[in-house]
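> please work out how this folds:
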Amino acid sequence: MRRGIVAVAVLTAVSAAGCDTGPPPGLVVKGTPPASPYSGPLHVPTRNTEGTGPRALRLASGAAGRALECDGEIFDGSGPDAWSAADGGDTPEEGLARYFDMAEPQDPDSGYRVERRSADRVLYSYDVAGRTKVAVVVARDQKDRPGWGPETNASCDPAELPARYAAAWGWEVWTDGHGRRLPVTRISGSAGSAHCGWQSAHFLRLDGRTYVRDPDGVLGRDGLLRAPYRGDVRMPAAAHDTGYHYPGRRLWLTDDRNTAYVRTSHGVEAWPRAKERTGCD
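The predicted structure is shown next:
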């Protein structure tokens with residue numbers, strides 16, 4: 001569910017936004033300064049690589065990536081995108097609003113505050129408990145980008161944001177045995193795609209593996225599962241409780257990790273691993 005930076009597809013919408021009287025209410029707030037504000041440069045050259053891991057995201061997100069204070073690794077980030085003469089904002093706040101118009105990010109759309117300011121750049125941060133979880137640097141009058149607009153952006157894992165934001169974007173955030181929210185890069189669930197006709201299925205992604213609840217057999221019929229889904233089984237003696245849980249579900253695994261055993265209030269379900277290809281044509 002990583003986002004893509006939208007440029008051409010929303011050009012009309014962005015141009016219309018350029019005629020607005022200002023940024024939406026609540027986008028920028030006064031806020032409370034963090035204990036350790038970002039002190040590095042607001043302009044850091046960006047570089048795009050073929051990878052999608054943390055290092056590639058840090059290189060692509062420049063100063064915004066450096067300003068994050070994640071508990072884990074950086075989750076998303078990107079660098080500048082061009083806009084036309086009509087699209088740049090007249091103020092830094094309008095430049096921040098253009099970020100949401102152009103990128104359509106899976107980030108909070110209000111509650112940002114100014115963390116750093118220079119003559120031609122402003123760092124906006126969305127903080128949780130005094131730590132920066134989303135950072136956006138807006139710049140003024142850059143090459144082929146007149147006015148104020150987004151230069152770099154970066155965000156931490158959705159599990160580090162307030163629960164309402166993760167839920168709004170469809171992220172299923174699990175917790176461990178101590179009640180700590182787990183990164184969605186480690187474990188997360190989601191409903192099957194209606195486009196594929198899989199809406200009755202449910203996916204659980206854990207450490208690079210995908211398990212599927214498939215009560216109607218929609219993925220089984222397509223040959224995408226390594227074994228059939230079973231809705232009522234006895235918990236294997238070799239299974240161990242991971243401590244990972246989500247409302248109504250608790251995850252157990254055996255050492256081979258070929259099946260996710262999910263305990264519910266009704267019993268135990270066996271979710272088989274999916275094959276490598278889990279997309280539909």
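> average pLDDT for the longest helix along the chain, rounded please.
Taking DSSP state H as the criterion, the chain has its longest helix at helix 54-67. Computed over helix 54-67, the mean pLDDT rounds to 96.
> may I see the buried residues of that helix?
54, 56-67 (16 or more other Cβ atoms under 10 Å). For glycine as for every other residue, the C-beta is placed from the backbone atoms N, C-alpha and C.
> which two of the residues you listed have the greatest separation?
56 and 67 (17.6 Å; Cβ to Cβ).
> residue 35: how many residues sit nearby?
8 (other Cβ atoms under 10 Å).
> the nearest residue to it once chain neighbours are set aside: how many residues sit nearby?
With sequence-adjacent residues excluded and distances taken as Cβ to Cβ, 6 or more residues apart in numbering, residue 35 is closest to residue 130, at 5.8 Å. The tally of other residues near residue 130 (other Cβ under 10 Å) stands at 12.
> what do you get for the one 4 residues further on?
Residue neighbour count, defined by other Cβ under 10 Å, stands at 27 for residue 134.
> cool, residue 82 as well?
Residue 82 has 12 nearby residues by other Cβ under 10 Å.
> ok, now the one 10 residues further on?
Under the neighbour criterion other Cβ under 10 Å, residue 92 is assigned a count of 22.
> what does residue 75 give?
Residues near residue 75, counting by other Cβ under 10 Å: 24.
> for it, what are its contacts?
By Cβ atoms under 8 Å, 6 or more residues apart in numbering, residue 75 lies in contact with 57, 155-158, 183-185.
> need phi/psi at residue 232.
Residue 232 adopts backbone torsions of phi -150, psi 100, taken as degrees, to the nearest 10.
> and the residue nearest to it when sequence neighbours are not counted, how close does it get to residue 230?
If the residues on either side of it in the chain are set aside, residue 232 comes closest to residue 267, at 5.4 Å by Cβ to Cβ, 6+ apart. The gap separating residue 267 from residue 230 is 11 Å, by Cβ to Cβ, to the nearest Å.
> more neighbours: these two, which one.
Between residue 267 and residue 230, residue 230 has the larger neighbour count (other Cβ under 10 Å), namely 15 against 12.
> contact partners for the nearest residue to the more buried one once chain neighbours are set aside?
Excluding the flanking residues, the one nearest residue 230 by Cβ to Cβ, 6+ apart is residue 270, at 4.2 Å. Going by Cβ under 8 Å, 6+ apart, residue 270 touches 229-230, 233, 259-262.
> from those residues, which ones fall inside helices?
When DSSP H defines the helices, the subset of those inside them is empty.
> strands along the stretch 151-281 of the chain, start to end?
Secondary structure of the stretch 151-281 of the chain (DSSP state E, counting those that start in this stretch): strands at 172-173, 187-191, 202-206, 209-213, 240-246, 249-253, 259-264, 267-272.
> quick one: low-confidence residue ranges for the stretch 51-200 of the chain.
Low-confidence segments of the stretch 51-200 of the chain (pLDDT under 70): 85.
> just so I have it, where are all the helices in it?
54-67, 92-103, 163-168 (DSSP state H, counting those that start in this stretch).
> can you report phi and psi for residue 40?
With angles defined as degrees, to the nearest 10, residue 40 sits at phi -80, psi -180.
> is it true that it touches residue 67?
Yes. Judged on Cβ atoms under 8 Å, residue 40 makes contact with residue 67 at a distance of 7.4 Å.
> check contacts around residue 195.
So residue 195 contacts residue 280 (Cβ under 8 Å, 6+ apart).
> residue 24 and residue 204, how far apart?
Using Cβ to Cβ, residue 24 is found at 36 Å from residue 204.
> who's more crowded, the two?
residue 204 (24 against 12).
> any idea what that one is bridged to?
Beta-bridge pairing of residue 204 under DSSP bridges involves residue 189, residue 211.
> which residues touch the residue most central in space within the chain?
In the chain, the centroid-proximal residue (Cα atoms, centre = their mean) is residue 158; its distance is 5.1 Å. By Cβ under 8 Å, 6+ apart, the residues touching residue 158 are 75, 106, 165-166, 169, 171, 173, 184.
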